[in-house]
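Enquirer: Below: sequence and its predicted model.
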Amino acid sequence: LDVVIGVVFLFLALSLVTSMLNEAVAGFLSLRGRTLEQGVRSMLNDPAGERLARQVYAHPLVTALAKQTTLDRILRRTPRPPYLPAAVFSAALMDSIVDTVVPDAPDRQKLMAELGNVVVSLPPEYDNIKRGLISLIDDAAGDARKIKDNLEKWFNDSMERVAGWYKRLAQKITVGVAIVLALITNADMLMVANALHRDSAV
């Protein structure tokens with residue numbers, strides 16, 4: 001029983017250290033924010049982040065969610081929000097679409113109500129995403145509230161896939177950290193169990 005308790009305690013301690021190191025690595029690499037941005041770029045067919053994705057991330061509602069840390073300042077990198085509510089995404093996207101077609105529009109409310117026509121007027125470089133947006137807008141039959149709901153549902157469905165990306169990436173990092181930690185601490189279960197078995201004081 002003493003041997004079992006000792007081995008369990010040792011590996012529980014190592015697993016806790018592994019989890020802490022995993023979080024530290026994720027924070028250093030800004031994995032949550034970067035994975036989320038990758039997911040948004042994939043949704044908007046903007047892999048380089050030069051069109052709609054860039055505009056969405058530059059929207060005040062989105063930039064307000066990004067908090068610059070000391071590490072961001074040291075590495076001189078732009079902070080990215082680790083979490084993006086669906087309502088914020090849909091509002092930022094609708095605003096970005098209107099700004100793309102009619103910059104500094106005086107009557108934004110009217111344009112929001114006619115978002116389908118606005119999307120149709122997007123420049124040719126937006127053709128990859130235009131068809132998908134028109135499909136979501138047509139389904140709402142001109143109801144601005146329903147358009148927003150459709151965009152939010154689309155975002156939430158896409159984020160389930162992004163969560164899977166992050167989970168797989170985090171698992172790889174955890175395995176890597178665990179292997180390194182096991183090697184550094186020489187966490188050999190048989191050796192530890194034998195030592196505990198032979199020496200009651202240990």
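Expert: In hand now; what should we look at? Residues are numbered from 1 along each chain as shown.

Enquirer: Count residues in the vicinity of the closest residue to A140 other than its chain neighbours, would you?
Expert: For A140, ignoring the flanking residues on the chain, the nearest one in space by C-beta to C-beta, 6 or more residues apart in numbering is K146 at 3.6 Å. Using the backbone N, CA and C atoms, a C-beta is placed for each residue, glycine as well. Around K146 there are 14 other residues, counting by other C-beta atoms under 10 Å.

Enquirer: now swap in L136 and tell me
Expert: The number of residues packed near L136 is 18, by other C-beta under 10 Å.

Enquirer: Run a quick check on it versus F155, I expect a contact.
Expert: No: using C-beta atoms under 8 Å as the test, L136 is too far from F155 to be in contact (10.6 Å).

Enquirer: Tell me how far the helix or strand that contains the residue nearest to A140 lies from the chain's centre.
Expert: Using DSSP states H and E, the element containing K146 is helix 144-185. Centre-to-centre, helix 144-185 and its host chain are 6 Å apart (C-alpha atoms, centre = their mean, to the nearest Å).

Enquirer: just stretch 121-135 next, same as before
Expert: 24 Å.

Enquirer: how about it: buried residues?
Expert: 122, 126, 129-130, 133 (16 or more other C-beta atoms under 10 Å).

Enquirer: One more: stretch 48-63?
Expert: 49, 51-53, 55-57, 59, 62.

Enquirer: Farthest pair within the residues you listed?
Expert: Farthest pair in those (C-beta to C-beta) is R51 and V62. Separation: 15.3 Å.

Enquirer: follow-up on the earlier one: ok, so of the buried residues of stretch 121-135, who is nearest S90?
Expert: L133 (11.4 Å).

Enquirer: was I right about the closest one contacting I97?
Expert: Yes: using C-beta under 8 Å, L133 is in contact with I97, at 7.5 Å.

Enquirer: which neighbours do these two share?
Expert: V119 (C-beta atoms under 8 Å, 6 or more residues apart in numbering).

Enquirer: Centre-most residue in the chain?
Expert: The structure's the chain has its C-alpha centroid closest to L36; by C-alpha atoms, centre = their mean the separation is 2.3 Å.

Enquirer: Now do the contacts for that residue.
Expert: Counting by C-beta under 8 Å, 6+ apart, L36 has contacts 80-84, 159, 162.

Enquirer: separation between it and Y166?
Expert: 8 Å (C-beta to C-beta, to the nearest Å).

Enquirer: Over to L133?
Expert: For L133, the distance to Y166 - C-beta to C-beta - is 25 Å.

Enquirer: likewise Y57?
Expert: 18 Å.

Enquirer: and if you look at L29?
Expert: Distance, L29 to Y166, by C-beta to C-beta: 12 Å.

Enquirer: Then A26?
Expert: A26 is 9 Å from Y166, by C-beta to C-beta.
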